[in-house]
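Chemist: Below: sequence and its predicted model.
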Amino acid sequence: MQINLSGRRALVTGSGQGIGAAIALGLAQAGADVVVHYANSKDAAADVVAQIVALGRTSVAVQGDLTDSAQATSVVDAAAEALGGLDIIVNNAGNLVGRHTIAEMSDEHWHQVMDVNATSGFFVTRAAIPYLTQSSAGRVIMMSSLASENGGGAGAVAYATAKSAIVGFTRGLAKELAPSNITVNALAPGFIGDTPFHNNFTPSSAQPGIIAGVPLGRAGTVEDVSGVTTFLASDLSSYVTGQVLDINGGLNFR
């Protein structure tokens, strides 16, 4: 069955590169118009926009620091203005920031990790609710992580905590928005290879060992995450809400 998102309008945060870029392109390939949000990757975001436009979809890039409430609201408003409304919000923006044990962790690091991963999603979603309630098929898709289940790797306690908070946010918000026919779900990717995240924070020497522990015998791809996102954005998932979908090749079971 071909997923058809024609006429749907999406904002994907942190979509200038990596998983976010693949999600934005996947939604566009299914027919959606997509706003590409970025924080610093201006040129990469422009390239994603160009690829979406080449598919015959409407797309623009919008910059903003989503850890700032006012900027997050401005990003959402700009996206809605560009597309004439919003049906789909994918809160993909996030970052490990760095690896630190709790004993050596600064207050600043803790708050930075919580803000970029969890608080940003709150700011964006809150700003988007007035638009989503006008949609006949509102969708909120959050980005959690395998770390929310297994605590993450060394020095990732703050990150694991933030991604766990997203799970609670997803489930609570799903109940809150259900009367408005808006579904809220989360993705929990495991090891997704060849992404800025793992290239920056997972030593290449450690990656073969991680992959060896995956029952399916390979690293995940950005397309693996994009495909599940497109499903959650579609009518095929209209009775799915409050769920966390694991994308980890069997590395861990919820």
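Modeler: Sure thing, it's come through. Predicted, not measured: the structure shown is a model, and the values here were computed from it.
Chemist: Which stretches in the chain count as strands?
Modeler: For the chain, strands defined by DSSP state E occupy the ranges 9-12, 33-38, 59-63, 88-91, 139-143, 183-189, 244-247.
Chemist: Correct me if wrong: Ile3 contacts Val228.
Modeler: No - Ile3 lies out of contact with Val228 (C-beta atoms under 8 Å); the separation is 11.4 Å. Using the backbone N, CA and C atoms, a C-beta is placed for each residue, glycine as well.
Chemist: Point out where the stretch 51-200 of the chain drops to low pLDDT.
Modeler: For the stretch 51-200 of the chain, the stretches flagged by pLDDT under 70 are 197-200.
Chemist: So which residues of it form helices?
Modeler: Ranges of helices within the stretch 51-200 of the chain are 69-83, 107-114, 120-132, 147-150, 157-177, 196-201, based on DSSP state H, counting those that start in this stretch.
Chemist: what's the closest of the ones you listed to Gly16?
Modeler: Gly16 sits nearest to helix 196-201 of all the helices of the stretch 51-200 of the chain, at 9.8 Å, using C-beta to C-beta.
Chemist: on that earlier part again, which one of the helices of the stretch 51-200 of the chain is the most hemmed in?
Modeler: Highest mean neighbour count of those: helix 120-132, a mean of 22 (counted as mean count of other C-beta atoms under 10 Å).
Chemist: okay, the angle between it and helix 69-83?
Modeler: In terms of direction (axes from the mean of the first three to the mean of the last three C-alpha atoms, to 10 degrees), helix 120-132 departs from helix 69-83 by 40 degrees.
Chemist: Done for today, thanks.
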